[in-house]
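S.K.: pasting the sequence and the predicted model now:
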Amino acid sequence: MRLDNQRESQNVEDRRGGTMLRGSVGIGTLVIALAASYFLGIDPALIMDSGSGTSTPSPAGRPARAPATKDEMTSFVSRVLGSTEIVWHDIFQQAGRRYQEPKLVLFTGATPTACGTGRSALGPFYCPADQKVYIDLAFYRDLQERFRAPGEFAQAYVIAHEVAHHVQNLLGISAKIHAAQQGGGRQAAANELSVRLELQADCFAGVWGHRADTMQQIVEPGEMEQALAAAAAIGDDRLQRQTQGQVVPESFTHGTSRQRVRWFKRGMDSGDVRQCDTFSPESL
Ligand SMILES: [Zn+2]
């Protein structure tokens, strides 16, 4: 990606080597993580507190120590986040609204969040209660090695997807969906709403890609394909096949590879959030 002219966001909080919780990541967590698949996004509390009824927010935002030395990866993440800020400020402004920037927390292993303890085994996620995106950069190694989806634009897409969950939060979309999910009813129906929310986040991520590229020509040849490969690699169907050897559509919470690619592409091609209504169509 070409990010040389992109200013770094001031909203990155580096907790690596600082106040991380050295909790052991147990087998249980790993099993849940695999079943839940990556890119949790909208509500880690659903996973982390599953079964416990109401979730108790833990005190979050313990002051981080002095940030670790600025490495290349931190700079990359800060620039991508900075780029999402420009794009979403612009889109919100055009709609007569104000965009509130989310924070992005870098951590290793585990860290306290307002949604419970965040663990890297769960993949990157967004916590609506503290409006922060959490990412353990080790995920990028997974993306490259385990999911065979290398490339900077693929890495940027991961951040854009989580920021998209923040946008859904600001727009009140996630709250509506959660209310609908809690209204009782079948688990399959709740899962389908999750899928629609996730696919919309993919579409919003695409909108960011389109706008950022139009404004600053950040995407280099071949990188679009890399991001699509990342979207495909983390579809529920492919993850399930890898982890349990079979595919159970009713348990999907993020969408199939094909769906994820389709909606990301739709946002990327159009650059228009109105193209991201994943809740109306019968088929996705
Ligand atoms: Zn997500």
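M.R.: Good, I have the coordinates.
S.K.: roughly how far apart are Asp269 and the ion?
M.R.: Asp269 is 20 Å from the ion, where distance means C-beta to the ion, to the nearest Å. Every residue, glycine included, has its C-beta placed from N, CA and C.
S.K.: mind checking the SS state of the residue nearest to Thr84 when sequence neighbours are not counted?
M.R.: Excluding its sequence neighbours, the residue lying closest to Thr84 (C-beta to C-beta, 6 or more residues apart in numbering) is Val163, at 4.6 Å. Applying DSSP: H, G, I helix; E, B strand; the rest coil to Val163 yields a three-state assignment of helix.
S.K.: now do the contacts for Val163.
M.R.: Taking C-beta atoms under 8 Å, 6 or more residues apart in numbering, we find Val163 in contact with Leu81, Thr84, Trp88, Pro102, Tyr126, Val133, Ala205, Trp208.
S.K.: tabulate those (JSON lines), appending secondary structure and neighbour count.
M.R.: What follows is the contacts of Val163, written out as JSON lines (DSSP: H, G, I helix; E, B strand; the rest coil; neighbours: other C-beta atoms under 10 Å):
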{"residue": "Leu81", "secondary structure": "helix", "neighbour count": "25"}
{"residue": "Thr84", "secondary structure": "helix", "neighbour count": "29"}
{"residue": "Trp88", "secondary structure": "helix", "neighbour count": "25"}
{"residue": "Pro102", "secondary structure": "coil", "neighbour count": "26"}
{"residue": "Tyr126", "secondary structure": "strand", "neighbour count": "31"}
{"residue": "Val133", "secondary structure": "strand", "neighbour count": "27"}
{"residue": "Ala205", "secondary structure": "helix", "neighbour count": "30"}
{"residue": "Trp208", "secondary structure": "helix", "neighbour count": "28"}
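S.K.: ok, so of those residues, who is nearest the ion?
M.R.: Taking C-beta to the ion as the measure, the ion lies nearest Tyr126 of those, at 7.3 Å.
S.K.: re the thing from before, so for the contacts of Val163, which is the shakiest by pLDDT?
M.R.: Looking at those by pLDDT, the weakest one is Tyr126, with 89.
S.K.: now the end-to-end length of stretch 93-112.
M.R.: End-to-end distance of stretch 93-112: 33 Å, with C-alpha to C-alpha, to the nearest Å as the criterion.
S.K.: I should have written stretch 121-135 there, sorry.
M.R.: Stretch 121-135 end-to-end distance (C-alpha to C-alpha) = 10 Å.
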